[in-house]
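Peer 1: only the shape, not the letters, is given here:
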């Protein structure tokens with residue numbers, strides 16, 4: 001049973017969070033090692049915070065380009081963002097499924113959690129933290145959501 005911390009942030013809040021993350025030694029990585037992480041989370045919010053550099057990871061698949069926190073010391077990182085009129089929630093997740101990896105990632109998760117609790121406020125009656133820019137956007141009427149409406153696609157496959 002791991003832990004996660006949820007948050008809303010605007011672009012300046014996200015930049016502040018990512019600067020802090022890298023200042024404590026984390027690397028921000030795309031979930032596939034053969035792809036660059038988009039600077040704009042709207043184009044792909046999911047990524048990882050890694051305790052080690054990309055060259056030290058153990059990708060899998062055919063070809064081996066996928067990352068997972070079951071093989072490497074990674075924190076799941078869903079970047080939050082604003083796409084008018086929506087503030088889309090983000091989260092950072094710590095997994096304790098693999099004890100040897102959990103020991104490596106827990107101190108980083110706890111540092112980020114303490115930083116977020118100190119630097120950002122919580123929503124009244126909620127579990128989500130809110131960066132200063134996000135707070136301003138909320139005050140101006142931004143709608144807080146977990147995912148953009150109507151963005152998902154699927155294909156039904158009969159087996």
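Peer 2: Cool, got the structure. All values reported here derive from a predicted model rather than from experimental measurement. Residues are numbered from 1 along each chain as shown.
Peer 1: what pairs with the most centrally placed residue in the chain across the strands?
Peer 2: Closest to where the C-alpha atoms of the chain average out (CA atoms, centre = their mean) is residue 77, at 2.1 Å. Residues in a beta bridge with residue 77, per DSSP bridges, are residue 47, residue 92.
Peer 1: from the contact counts, what lies against the helix with the most length in the chain?
Peer 2: Counting residues, the longest helix found in the chain (DSSP state H) is helix 99-119. Judged by 3 or more CB pairs under 8 Å, 6 or more residues apart in numbering; DSSP states H and E, helix 99-119 is in contact with strand 3-8, helix 11-23, strand 74-78, strand 90-94. (C-beta placed from N, C-alpha, C; glycine too.)
Peer 1: want to throw these into a markdown table with distance to residue 47?
Peer 2: Converted to a markdown table, those look like this (distance: least, CB to CB, whole Å):
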| stretch | distance to residue 47 |
| --- | --- |
| strand 3-8 | 15 |
| helix 11-23 | 10 |
| strand 74-78 | 5 |
| strand 90-94 | 10 |
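Peer 1: nearest to residue 84, out of the ones you listed?
Peer 2: With CB to CB as the measure, helix 11-23 is the member of these nearest residue 84 (12.0 Å).
Peer 1: mind listing what's buried in the closest one?
Peer 2: Using 16 or more other CB atoms under 10 Å as the test for burial, helix 11-23 gives 13, 14, 16, 17, 21.
Peer 1: name the surrounding residues that touch it.
Peer 2: If you take CB atoms under 8 Å, 6 or more residues apart in numbering as the criterion, helix 11-23 is touched by 7, 9, 28, 41, 49, 79-82, 90, 112, 115-116, 119-120, 131-134.
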